[in-house]
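could you look at this predicted model? Sequence included:
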Amino acid sequence: MDVKAQSGAASRVSPDQGSKSRERTNKETPDAKRGSFTWFLVKLLVVVLVFRIAVFSPFSIPSESMLPRLVNGDYLLAAKWPYGLSVHSLPLPLNLPEGRVLAREPQRGDIVLFKHPVDGRDYIKRLIALPGDEIALRNGRVVLNGELLAREQISDFVLPLSSNTDCAWGGTQIAGPDGAPACRYDRFRETLPDGRSYDVLDFGPTPADGFATVFVPEGHMFVLGDNRDNSRDSRFEARAGDAVGIVSQDLLVGRAAIIMWSSDGSAEWLKPWTWLTAARWDRIGRLL
């Protein structure tokens, strides 16, 4: 059956009637306004939670185990969707089953964020070996599936000293390009079998430079810090507040994506102008 538009006098409204109708519409009761605002807050909260759980999550770098890529005082966003979602994706701890929904395996070379297998704190390292891989270290060099990873020395890494950045052992204090104190480290470019490469620091022979061959079990990953002689990673047994051991992929939180802020630690809360002077502007926006 066709529906036709009404016409003629029945469809017309007098000016006075229209004005009264608009007045009734515009005069919302206080309860209605409160209800609208409450509903807006509920929707905003849902959007924030979805973003926090499934999209990105902020993290700060509190140490120098990932030098030269990440510096103490960096604040980054981790993408949560690349590896699937789990209880560890939630902003608050809940007693839910382990495992990942829409799970996808990470890739060698990814900078991964995960929960410590013992104390549950957030850790960040670079993934080097996947399930089924055999990995060892020989004189500080990674041996993956029987092949020595390519590595070449490149230009030194120079890090300006600041309130949150010291010159750690293995580094040499120098005057930086601007004359300010800085620390110089030997830097190397390491390349995975698929051609993916990244920079690492090596301070020379240390006890952790030798690591006997291990087999990465199903559902796990072998991780290392880029600052090879200053990282408690999969070379060491997992202990609370210390090394992480070979990590279950069910503990994955996300993949480091971008540095959204970086501070040299000199900012003071009561002096807002120092928030800008303390910023490391050259690091902000770097993709990881």
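Happy to help now that I have it. A quick note: this is a predicted structure, and the numbers were derived from the prediction, not measured.

burial of the residue nearest to residue 170 when sequence neighbours are not counted, as a residue count?
Using C-beta to C-beta, 6 or more residues apart in numbering and skipping residues adjacent in sequence, the residue nearest residue 170 is residue 203, 2.9 Å away. Glycine gets a C-beta too; all of them are placed from N, C-alpha and C. Residue 203 has 17 neighbours, counted by other C-beta atoms under 10 Å.

what do you get for residue 151?
The number of residues packed near residue 151 is 16, by other C-beta under 10 Å.

so what strands line up beside the helix or strand encompassing residue 222?
According to DSSP states H and E, residue 222 maps onto strand 220-224. Note on strand 220-224: by DSSP bridges, its sheet partners are strand 122-129 (antiparallel), strand 247-248 (antiparallel).

and the helix or strand just after the first one, which residues are buried?
Toward the C-terminus, strand 122-129 is succeeded by strand 134-138 as the next helix or strand (DSSP H and E). For strand 134-138, burial by neighbour count (16 or more other C-beta atoms under 10 Å) applies to 135, 136, 137.

mind putting these in CSV, distance to residue 173 and pLDDT included?
As requested, the buried residues of strand 134-138 are exported to CSV (distance: C-beta to C-beta, whole Å; pLDDT from 0 to 100):
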residue, distance to residue 173, pLDDT
135, 34, 98
136, 34, 98
137, 28, 97
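
distance to residue 263 for these - can I get that in TSV?
Formatted as TSV, these follow (distance: C-beta to C-beta, whole Å):
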residue	distance to residue 263
135	35
136	38
137	34
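
out of the residues you listed, who's nearest residue 155?
residue 137 (24.2 Å; C-beta to C-beta).

could you check how far the closest residue to that closest one other than its chain neighbours is from residue 142?
If the residues on either side of it in the chain are set aside, residue 137 comes closest to residue 211, at 3.8 Å by C-beta to C-beta, 6+ apart. Distance, residue 211 to residue 142, using C-beta to C-beta, to the nearest Å: 9 Å.

which residues do the two both contact?
Common contacts of residue 211 and residue 142, defined by C-beta atoms under 8 Å, 6 or more residues apart in numbering, comprise 135, 136.

ok, these two, which is more surrounded?
Counted by other C-beta under 10 Å, residue 211 and residue 142 do not tie: residue 142 has more neighbours, with 22 against 19.

need the contact list for that one.
Contacts for residue 142 (C-beta under 8 Å, 6+ apart) come out as 128, 135, 136, 148, 149, 190, 224.
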